[in-house]
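Asker: structure for this input, please:
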Amino acid sequence: MPRKVLAGAVIVAIVALGGFFLISQTDRFNTGGDGALVLYGNVEIRQVELAFRVSGKLEDVMFEEGDAVTAGDFIARLDATPYSDALKVTEAEVAVRIAELSRLEAGLRPAEIDRARARVAEFEAGARMAQQNYDRRAVLVKSGAVSQQLFDESVAALGAANERLAAAREDLAIAIEGFRSEEIAAANAALQAAEAAAASARTKVNDASLVAPSDGTILARVRERGSILQAGEPVLTMALTRPVWIRAYIEEPALGLVAPGTVAEIMTDADPDRPYQGQVGFVSPVAEFTPKTVETPDLRSDLVYQVRIIVDEPDDGLRQGMPVTVRLTPARKSG
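Answerer: Predicted coordinates for the structure are as follows:
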């Protein structure tokens with residue numbers, strides 16, 4: 001076969017193969033006539049298990065299964081008596097520490113300072129008398145008029161009187177100056193520790209009430225009144241009203257058609273004439289094997305990437321696990 005004929009045949013084959021590849025890829029991505037990318041996924045509604053941060057006896061559960069709750073609603077309560085009693089103890093300790101700190105900061109009262117002055121005057125008089133006795137006996141002991149023992153006693157008495165006078169003068173100086181800064185700092189630290197203990201006790205009292213973290217629906221009452229619970233033990237299971245996601249999967253060649261913010265139209269088999277609006281919120285950076293629950297016209301074990309579509313205005317028409325069809329328009333983005 002001539003080389004030109006052979007080369008022409010190869011070119012024709014390549015063009016035909018390329019056309020087949022484009023057609024097969026278009027069909028593989030499930031793109032519609034308007035260029036929209038069609039995905040098949042399932043509704044995903046977040047659930048949360050509600051529990052107390054403290055242990056205790058379950059006193060009341062305010063909602064039944066199927067009830068709608070609003071963020072901030074009190075939905076369950078423990079017997080808070082042990083925590084209330086502990087709070088009273090810590091608050092009393094705070095009061096004691098406040099009084100002690102105030103006493104140190106204010107210093108001694110005027111009457112106490114006057115008493116310290118009076119003690120100094122008393123010991124000064126005692127020291128003068130001891131000095132006089134010493135002076136007399138110092139002269140008399142030389143002439144033998146008094147014994148050495150009496151003289152020694154006067155020496156000891158004079159020393160003791162001077163020591164008492166020095167201590168009294170030091171106490172008066174402290175009384176006038178006030179307490180040392182180190183003592184005040186220690187009292188302040190003790191007050192802060194007491195206040196921290198009171199705050200912790202107050203938190204435990206608050207934790208004895210269980211509050212709905214967001215809007216939702218009660219799915220299950222796990223425990224009933226009278227149950228003894230450990231901290232973190234689930235009491236209720238709640239489905240969150242928002243966010244509602246659609247979990248879908250795309251193949252690697254279609255990644256260029258999907259990005260966060262891409263507008264999505266979501267349709268259910270239950271009511272296909274009432275589509276929901278949404279947008280792509282997340283495209284996984286990690287590939288995984290096609291899950292068994294993925295619904296596509298041609299299931300295969302290829303690597304796929306998870307896509308999550310946020311539903312703008314979800315309602316009761318979307319249920320956990322419900323299969324849906326998603327149409328993505330790559331040219332349009334929300335906002």
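Asker: break the protein into its domains for me.
Answerer: 31-45+242-333, 48-80+205-238, 86-203 (automatic domain parsing).
Asker: columns mean pLDDT and mean neighbour count on top of those, output as TSV?
Answerer: For glycine as for every other residue, the C-beta is placed from the backbone atoms N, C-alpha and C. Listed next are the domains of the chain as TSV, based on pLDDT from 0 to 100; neighbours: other Cβ atoms under 10 Å:
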stretch	mean pLDDT	mean neighbour count
domain 31-45+242-333	80	16
domain 48-80+205-238	95	16
domain 86-203	85	15
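Asker: what about the residue nearest the centre of the chain, helix or strand, and which?
Answerer: For the chain, the residue nearest the mean C-alpha position is Arg53 (11.4 Å; Cα atoms, centre = their mean). Using DSSP states H and E, Arg53 sits in no helix or strand.
Asker: backbone torsions only: list them for it.
Answerer: phi -80, psi -10 (degrees, to the nearest 10).
Asker: next: Ser214.
Answerer: Phi and psi for Ser214, reported as degrees, to the nearest 10, are phi -160, psi 180.
Asker: that one: what's it in contact with?
Answerer: Ala71, Leu240, Thr241, Arg242 (Cβ atoms under 8 Å, 6 or more residues apart in numbering).
Asker: hmm, the third one is touching Ile218, no?
Answerer: No. Shown here, Thr241 and Ile218 do not form a contact pair, counting by Cβ atoms under 8 Å, at 11.9 Å.
Asker: common neighbours of those two, please.
Answerer: Joint contacts of Thr241 and Ile218 (Cβ under 8 Å, 6+ apart) do not exist.
Asker: roughly how far does the closest residue to Ala198 other than its chain neighbours sit from Asn206?
Answerer: With Cβ to Cβ, 6 or more residues apart in numbering as the criterion, Ala198 has its nearest non-adjacent residue at 4.0 Å, and that residue is Thr90. Distance, Thr90 to Asn206, using Cβ to Cβ, to the nearest Å: 14 Å.
Asker: hang on, the earlier thing: let's see which of the contacts of Ser214 end up in strands.
Answerer: Leu240, Thr241, Arg242 (DSSP state E).
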